[in-house]
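In: Test case, fold it:
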Amino acid sequence: MITPFPPRSINLRKSLPVLLLSTVLLTGCNTTQPQVNAAATGPAETYSSVTPASFRMPEGSGCAGEVARWQAIQDNDRQTGNVNQSVYNQIKGDIDRASAACQAGRDGEARALVRASRARHGYPAS
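Out: Residues are numbered from 1 along each chain as shown. Purely as a prediction, here's the structure:
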């Protein structure tokens, strides 16, 4: 039987270092990252995942009612963990501006600020 290639002898001294290096490199891919101790990062915030039964939407008309309801929704969403602190802070700024406009007698501006804030943060129009 004729083989197309003559058999080669494998030089073990040359291939062993390459094999060892490959093994070391591949085992590095399977290492796990160090775990962060939750206690070291401070106490975790706890949230209730549901709105409490005692929650009532504020009453009122005009811009004062709209601002109060938007504030109540945000306070509830923050307490239930549905809005993180940075987003809550952004919305709180919107609410503060709307409240100031309402108190200054600029009803239309205050309502527009609430509508824009709701739309910007993915809430349906009221």
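
In: Check the secondary structure at the nearest residue to Ala119 once chain neighbours are set aside for me.
Out: Nearest non-adjacent residue to Ala119, counting by CB to CB, 6 or more residues apart in numbering: Ala125, 7.3 Å away. C-betas here are computed from N, CA, C, even on glycine. Classification of Ala125 using DSSP: H, G, I helix; E, B strand; the rest coil returns coil.

In: Give the phi and psi angles for the residue positioned nearest the centre of the chain, as a check.
Out: Centroid-nearest residue in the chain, with CA atoms, centre = their mean: Asn84, separated by 6.9 Å. Dihedral angles phi and psi of Asn84 (degrees, to the nearest 10) take the values phi -80, psi 170.

In: Do you know the pLDDT at it?
Out: pLDDT for Asn84: 94.

In: Okay, it and Gln74: tell me how far apart.
Out: Per CB to CB, to the nearest Å, Asn84 is found 12 Å from Gln74.

In: Please, which helix or strand holds the nearest residue to Phe55 once chain neighbours are set aside?
Out: Computed as CB to CB, 6+ apart, the closest residue to Phe55 that is not its neighbour in sequence is Asn76, at 6.0 Å. For Asn76, the host element (DSSP states H and E) is helix 62-79.

In: Tell me the buried residues in that helix?
Out: Residues of helix 62-79 classed as buried: 63-71, 73-74, 76-78 (neighbour count, 16 or more other CB atoms under 10 Å).

In: wait, which of the residues you listed is closest to Pro52?
Out: Within those, the smallest distance to Pro52 is 8.3 Å, found for Asn76 (CB to CB).
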